[in-house]
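K.L.:
Sequence and computational prediction follow.
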Amino acid sequence: MVFFAKTYPALGSLASESTKENGSYKEPDVINQLQKDFKNKCYICETKDIEAINIEHFAPHKNINLIRKFQWANLFWACNHCNHIKSDREPLLNCTVKSDGVDRKIRYFLDDNLINNKVVIEALDGSIETQNSVQILIDIDNGTNHKSLNKIQAKSQRNRLYDEMSDFTSLVLKYFGSEDEEKQGDYQREIIKQLSNKSAFTAFKRWFIKDNPKYKTQFEHYIIDKQGNTV
Ligand SMILES: [Zn+2]
């Protein structure tokens with residue numbers, strides 16, 4: 001998970017729909033703005049261009065809490081797999097609230113070896129919000145409850161992550177190995193693009209940079225500002 005700034009004020013349809021008996025929180029203005037604000041990717045697993053999109057209620061509404069149901073701040077863009085596994089768990093770190101610090105409270109990496117790759121997601125503080133968020137991310141990676149469909153979706157998502165990280169690793173190695181200034185400039189621009197929250201699996205890419213002193217020196221300022229906040 002990485003920080004996303006949501007656009008305010010709230011969308012017009014939410015106020016009018018909330019007064020109707022069977023009002024919808026999925027009007028086109030809401031869908032379009034959520035897709036833009038969340039950069040067209042699931043806020044939990046960070047998969048891009050997902051086919052099965054859900055509008056997710058960050059704090060569960062259970063059809064009885066109409067404030068939560070129509071509250072713009074509570075509507076998130078998630079894939080079906082993550083929405084289903086997250087379900088009504090709370091409290092969690094909120095990736096649209098900068099002070100919640102999703103970027104610095106959860107660490108991600110691929111533990112590579114010749115036998116298998118392992119996705120590692122770990123909490124960097126002891127708060128209940130961080131612990132719950134990490135547990136959801138682990139369940140999403142594993143496909144929770146051993147349901148076969150979840151397992152298949154989890155495997156497919158993990159394969160996308162491996163492909164993306166393999167490309168990113170190779171890009172970083174090319175940048176540091178290149179002696180051609182022009183090519184190095186191209187690689188640098190691409191790395192910066194990949195570190196923005198628009199790219200898939202940004203949290204993994206950012207930690208890949210932050211966990212290596214050489215990469216960190218060169219690229220950290222594209223991730224973290226002088227106050228230690230994510231840019
Ligand atoms: Zn997802």
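P.N.:
Looks like it came in fine. Predicted model, so just to flag it, every value in this text is computed and none were measured.
K.L.:
which residues of this structure score low on pLDDT?
P.N.:
Where the chain drops to pLDDT under 70, the residues are 113-116, 144-149, 225-231.
K.L.:
how about the residues of it near the ion?
P.N.:
When proximity is defined by CB under 5 Å from the ion, the chain lies next to the ion at 42, 44-45, 79, 82. Every C-beta, even on glycine, is put in place using the N, C-alpha and C of the backbone.
K.L.:
CSV please, covering those and showing secondary structure.
P.N.:
Compiled in CSV, these are given as follows (DSSP: H, G, I helix; E, B strand; the rest coil):
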residue, secondary structure
42, coil
44, coil
45, coil
79, strand
82, helix
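K.L.:
quick one: residue 78 is in a strand?
P.N.:
Yes - assessed by three-state DSSP, residue 78 belongs to a strand.
K.L.:
That one and residue 54 touch, don't they?
P.N.:
Yes - between residue 78 and residue 54 there is a contact under CB atoms under 8 Å: 5.3 Å.
K.L.:
So for the two, which sits in the more crowded spot?
P.N.:
Neighbours per residue (other CB atoms under 10 Å) separate residue 78 from residue 54, with residue 78 holding more: 26 against 18.
K.L.:
Now do the contacts for that one.
P.N.:
Residues in contact with residue 78 (CB atoms under 8 Å, 6 or more residues apart in numbering) are 42-44, 53-56, 86.
K.L.:
switch the cut-off to 10 Å
P.N.:
Shown in contact with residue 78 (CB atoms under 10 Å, 6 or more residues apart in numbering): 34, 38, 41-45, 47, 50, 52-58, 84-86.
K.L.:
Restricted to buried residues, select the residues you listed in ChimeraX.
P.N.:
Of the contacts of residue 78, the buried ones go into a single ChimeraX selection, burial set by 16 or more other CB atoms under 10 Å:
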select :34,38,41,42,43,44,45,47,50,53,54,56,57,58,84,85,86
